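K.L.:
return atomic coordinates for the entry below.
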Amino acid sequence: MASSNVSYQSVAVKYGILVGVVYIVYFLLMWALGVIEIVELSFISGLFLVIGIVVAISRYKRARSGGIRYLEGFGIGATVGVVSSAVLALFLVIFLSTLNTEYLASLQASALFPEGLSIVLLFVLTILYGTIPGALIGFIAMQWFKREDHNTMPSQD
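P.N.:
Residues are numbered from 1 along each chain as shown. So this is what the prediction gives:
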């Protein structure tokens, strides 16, 4: 059932929260397996962002009966990136403050973060590291989704 009353913001926030929860589950899985110090493994979570943005744009386009404006799709990508990374950033603040205070030191030792890394700076960097790729992924995905002949997921009638 298609609805033209669906806003791209509501779709983006929904999928941003879902991707953020998946980030947290992945992070906790890495922690449980003892590979949390391998910072490079965290880049695998970029796949979750790509999948979340593509599915969000596809669902929005389908809810709008196949119509999507370019900036709406781009906004979905950026918003999913901001929301998902903000969810992860809030989790990391709680995690570093309560469960594993030594993890910040291992991040400081990696070449991917500055030596003077604080919890506040990690919070800001986490949001930036999600927002910028989210906008870029939205931009790239819209090259495909803006086409009128592109069909979204098949109907489940």
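K.L.:
which residues of the chain fall in helices?
P.N.:
Along the chain, counting by DSSP state H, helices occupy 8-33, 46-63, 70-94, 103-109, 119-145.
K.L.:
take the ones you listed and write them to a markdown table, including distance to residue 40.
P.N.:
Bear in mind the C-beta positions are built from the backbone N, C-alpha and C, glycine included. Formatted as a markdown table, these follow (distance: least, C-beta to C-beta, whole Å):
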| stretch | distance to residue 40 |
| --- | --- |
| helix 8-33 | 11 |
| helix 46-63 | 11 |
| helix 70-94 | 17 |
| helix 103-109 | 12 |
| helix 119-145 | 14 |
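K.L.:
which of the ones you listed is buried the deepest?
P.N.:
helix 70-94 (a mean of 22; mean count of other C-beta atoms under 10 Å).
K.L.:
gap between the closest residue to residue 146 other than its chain neighbours and residue 57?
P.N.:
Nearest non-adjacent residue to residue 146, counting by C-beta to C-beta, 6 or more residues apart in numbering: residue 70, 5.3 Å away. Counting by C-beta to C-beta, to the nearest Å, the gap from residue 70 to residue 57 is 11 Å.
K.L.:
so what sits against both of those two?
P.N.:
Counting by C-beta atoms under 8 Å, 6 or more residues apart in numbering, the contacts common to residue 70 and residue 57 are residue 142.
K.L.:
on that earlier part again, now the residue nearest to residue 146: how far from residue 27?
P.N.:
Residue 70 is 33 Å from residue 27, by C-beta to C-beta.
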